[in-house]
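Trainee: no FASTA, just this:
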Ligand SMILES: [Zn+2]
């Protein structure tokens, strides 16, 4: 497995709840996202994403993570890998697609989302 470490360097982001921009850093989230295989090796992206504090007191959500362009929030697969899974699943369906994706090292089971606060 290839592990690639990414670090978000954004200085601010728009709140995902109310849209208000914030640059008050609350902490760092570590996201593990699986990506397309590279030369037969599975690829796992370890992304450190900044979490910001929302200044809007009217909303319940107090913190939010900066968005990543390669995966939606809470998504464990990159959008590229998600697209390949959908295309292979539609073309082959069920078990054959699972076998092919496993053979191509395009499966993800242990990726997740951790909060380091
Ligand atoms: Zn907000």
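Mentor: Everything's here; your move. Please read these numbers as outputs of a predicted model, since none were measured by experiment. Residues are numbered from 1 along each chain as shown.

Trainee: all strands of this protein, in order?
Mentor: Assigned by DSSP state E, the strands in the chain fall at 2-7, 13-14, 21-22, 25-38, 41-53, 63-65, 113-115.

Trainee: what's the closest of these to residue 76?
Mentor: Shortest separation from residue 76 across these is recorded for strand 25-38, at 6.3 Å, computed as C-beta to C-beta. Heads up, the C-betas are built off the backbone N, CA and C, glycines and all.

Trainee: any low-confidence regions in this protein?
Mentor: For the chain, residues meeting the criterion pLDDT under 70 lie at 108-117.

Trainee: what's the single longest helix in it?
Mentor: Criterion DSSP state H: the longest helix present in the chain is helix 79-92.

Trainee: what residues sit buried inside that one?
Mentor: Using 16 or more other C-beta atoms under 10 Å as the test for burial, helix 79-92 gives 81, 84-85, 88.

Trainee: got the angle for it vs strand 41-53?
Mentor: Here helix 79-92 runs at an angle of 130 degrees relative to strand 41-53 (axes from the mean of the first three to the mean of the last three C-alpha atoms, to 10 degrees).

Trainee: give me the contacts around helix 79-92.
Mentor: Here helix 79-92 makes contact (C-beta atoms under 8 Å, 6 or more residues apart in numbering) with 34-36, 70-72, 75, 77, 97, 100-101, 106, 108.
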